[in-house]
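S.K.: Build me a structure from this.
(one chain, ligands or ions: 1)
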Amino acid sequence: MPGLSTIERDAIGRCADEPMLDQVQRWAAINSGSRNLPGLATMAAIYADIFSSLPGELELRDAAPSDAIDAEGRMAPLDHGRNLHLRVRPEAAVQLLFTGHMDTVYGADHPFQKVEWREEGALNGPGVADMKGGIAVLLAALKAVEKSSLAATIGYELVINSDEEVGSPGSAPLIAEAARGKRAALTYEPAARPDGTLAGARPGSGNFSILVEGRSAHAGRNPEEGRNAIVAAADLALRLAKAAGPRLSVNPARIDGGGPNNVVPDKAVLRINMRPATPDDQRRARSHLDAAVAMVAAEHDVRIHLHGGFARPPKPLDAPAERLFGLVKGCGADLGQHIAWQPTGGVCDGNNIAACGVPVVDTMGVRGGAIHSADEYLIVDSLVERAQLSALTILRLASGDKR
Ligand SMILES: [Zn+2]
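M.R.: The predicted model follows:
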């Protein structure tokens with residue numbers, strides 16, 4: 001590898017010594033679904049213990065309060081697990097942010113709980129790629145970097161949150177706080193494709209729960225006195241669906257409400273997901289939503305309460321982000337890895353970090369695939385490969401290398 005300095009070569013060599021495969025097998029055997037608070041507490045304690053091998057101040061921070069509207073239209077608080085936060089050398093000249101998540105999409109009652117070998121070199125298990133493998137990669141890279149003489153020149157904050165798979169409502173303020181003043185961020189979602197291709201631009205994503213309150217009446221005697229909340233919610237769903245286009249996807253996902261056939265329903269809850277391509281599209285989507293709500297409220301004589309928002313802002317690739325992708329690509333080239341990137345329809349904490357004005361590559365984790373399904377797998381060779389890619393990227397960010 002002729003493009004590497006001695007310092008870089010030493011750090012890369014150290015990545016191969018870390019017990020990443022063993023860690024992934026142990027961690028993936030612990031259920032840490034976003035709603036499994038005891039499982040998340042176990043996972044948080046394990047990560048707090050192992051990440052305390054790095055220098056700096058480590059804390060498990062309580063989730064920020066958040067709430068949700070249930071099927072009956074009642075607002076209820078939502079509980080989330082604690083989030084790991086590590087601060088290392090805040091006085092150093094170059095400040096970076098690293099993030100990952102400890103939760104998975106598989107709840108405690110999901111049938112997918114076991115880690116198994118699928119075929120030669122591919123491990124199947126809940127979270128092996130998304131992202132317990134990524135956490136192992138991040139730890140290995142940071143340990144390798146910490147042993148290097150360049151470590152003194154970089155400081156960083158590291159956040160491993162407990163609620164990424166449900167939109168990070170309890171951890172978004174902590175991530176925004178940790179992103180402040182950072183030169184660049186790396187997040188350890190799995191690669192966008194099994195060949196290691198990174199995710200580039202991402203749309204935003206907003207989830208809305210819309211409570212419609214009408215008036216009940218007898219369906220036969222005095223229906224004219226009723227205000228049908230389901231009809232109003234359906235009208236709203238149709239109007240919003242019409243706003244969809246190539247720069248905005250709109251998915252009316254569910255309507256709850258109603259009761260016996262002879263009663264005009266007085267309550268409905270409409271759930272909607274909207275994905276705008278850019279911040280401008282997000283603004284347009286928001287004003288369309290507000291206008292449609294006002295119009296339906298007036299025409300149907302109902303009250304409408306809008307809950308939710310664009311918790312994941314769009315992440316277009318701007319010039320600083322392009323430069324960071326270029327740096328990672330150059331590191332890959334010096335390691336004999338071909339690194340490309342492509343846009344994706346998915347969202348993650350990288351969206352929120354980019355919205356803070358910090359360039360981010362958010363798929364620095366492992367190669368694998370079939371995430372969010374019982375076929376999720378990790379390509380085991382990618383553990384060392386991606387740890388080396390990260391270690392080299394961090395070292396070059398530390399030295400201000402613009403290659
Ligand atoms: Zn993930």
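S.K.: All the helices of the protein, in order from the start?
M.R.: Ranges of helices within the chain are 6-15, 20-28, 37-51, 133-146, 172-179, 229-241, 279-300, 319-334, 349-355, 382-398, based on DSSP state H.
S.K.: Also compute the angle for the fourth one relative to helix 382-398, please.
M.R.: So the one you mean is helix 133-146. Counting by axes from the mean of the first three to the mean of the last three C-alpha atoms, to 10 degrees, helix 133-146 lies at 50 degrees to helix 382-398.
S.K.: List the buried residues in stretch 30-44.
M.R.: For stretch 30-44, burial by neighbour count (16 or more other C-beta atoms under 10 Å) applies to 30-37, 39-40, 42-44. In short, each C-beta sits where N, CA and C put it, glycine included.
S.K.: residue contacts, residue 79?
M.R.: Going by C-beta atoms under 8 Å, 6 or more residues apart in numbering, residue 79 touches 37, 63.
S.K.: mind checking pLDDT for it?
M.R.: At residue 79, the pLDDT value in this model is 95.
S.K.: Would you check how far apart it and residue 314 are?
M.R.: Note on residue 79: its distance to residue 314, by C-beta to C-beta, to the nearest Å, is 29 Å.
S.K.: circling back: turn the buried residues of stretch 30-44 into a markdown table, including pLDDT and distance to the ion.
M.R.: Below are these laid out as a markdown table (pLDDT from 0 to 100; distance: C-beta to the ion, whole Å):
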| residue | pLDDT | distance to the ion |
| --- | --- | --- |
| 30 | 98 | 16 |
| 31 | 98 | 16 |
| 32 | 98 | 12 |
| 33 | 98 | 13 |
| 34 | 97 | 11 |
| 35 | 96 | 16 |
| 36 | 98 | 16 |
| 37 | 98 | 19 |
| 39 | 98 | 16 |
| 40 | 98 | 14 |
| 42 | 98 | 19 |
| 43 | 98 | 14 |
| 44 | 98 | 16 |
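S.K.: Could you export these as a markdown table, including distance to residue 125?
M.R.: Below are the buried residues of stretch 30-44 laid out as a markdown table (distance: C-beta to C-beta, whole Å):
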| residue | distance to residue 125 |
| --- | --- |
| 30 | 11 |
| 31 | 11 |
| 32 | 12 |
| 33 | 14 |
| 34 | 17 |
| 35 | 19 |
| 36 | 16 |
| 37 | 21 |
| 39 | 15 |
| 40 | 17 |
| 42 | 16 |
| 43 | 14 |
| 44 | 20 |
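S.K.: which stretches of this structure aren't confidently modelled?
M.R.: By pLDDT under 70, the low-scoring segments of the chain are 401-403.
S.K.: Could you pick out the residues of it near the ion for me?
M.R.: 130-131, 189 (C-beta under 5 Å from the ion).
S.K.: Out of those, grab the one that's most surrounded.
M.R.: Highest neighbour count within the residues of the chain next to the ion: residue 131, with 30 neighbours (other C-beta atoms under 10 Å).
S.K.: So which residue is dead centre in the chain?
M.R.: Centre of the chain computed as the mean C-alpha position; nearest residue by C-alpha atoms, centre = their mean is residue 348, 2.7 Å away.
S.K.: contacting residues for the closest residue to residue 33 other than its chain neighbours?
M.R.: Spatial nearest neighbour of residue 33, chain neighbours left out: residue 107 (3.8 Å); criterion: C-beta to C-beta, 6 or more residues apart in numbering. Contacts for residue 107 (C-beta under 8 Å, 6+ apart) come out as 31, 33-36.
S.K.: Who's the closest spatial neighbour of residue 176, skipping the chain neighbours?
M.R.: Excluding its sequence neighbours, the residue lying closest to residue 176 (C-beta to C-beta, 6+ apart) is residue 356, at 5.7 Å.
S.K.: The ion versus the one you found, what's the distance?
M.R.: Going from residue 356 to the ion by C-beta to the ion, to the nearest Å gives 19 Å.
S.K.: Kindly report the same for residue 90.
M.R.: For residue 90 relative to the ion (C-beta to the ion), the value is 27 Å.
S.K.: With residue 368 instead?
M.R.: According to C-beta to the ion, residue 368 stands 11 Å off from the ion.
S.K.: wait, what's in contact with that residue?
M.R.: Residue 368 is in contact with 122, 128-130, 133, 190-191, 194, 376-379, 382, counting by C-beta under 8 Å, 6+ apart.
S.K.: Pull out the buried members of those residues.
M.R.: Buried by 16+ other C-beta under 10 Å: 122, 128-130, 133, 190-191, 194, 376-379, 382, out of these.
S.K.: of the residues you listed, closest to residue 323?
M.R.: Using C-beta to C-beta, residue 191 is the member of the buried ones among the contacts of residue 368 that sits closest to residue 323, with 20.0 Å.
S.K.: for the closest one, what are its contacts?
M.R.: Residues near residue 191 by C-beta under 8 Å, 6+ apart: 197-199, 363, 365-368, 382, 386.
S.K.: Turn these into TSV, columns for distance to residue 66.
M.R.: Shown next, in TSV, are the contacts of residue 191 (distance: C-beta to C-beta, whole Å):
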residue	distance to residue 66
197	33
198	30
199	26
363	26
365	26
366	29
367	33
368	30
382	34
386	32
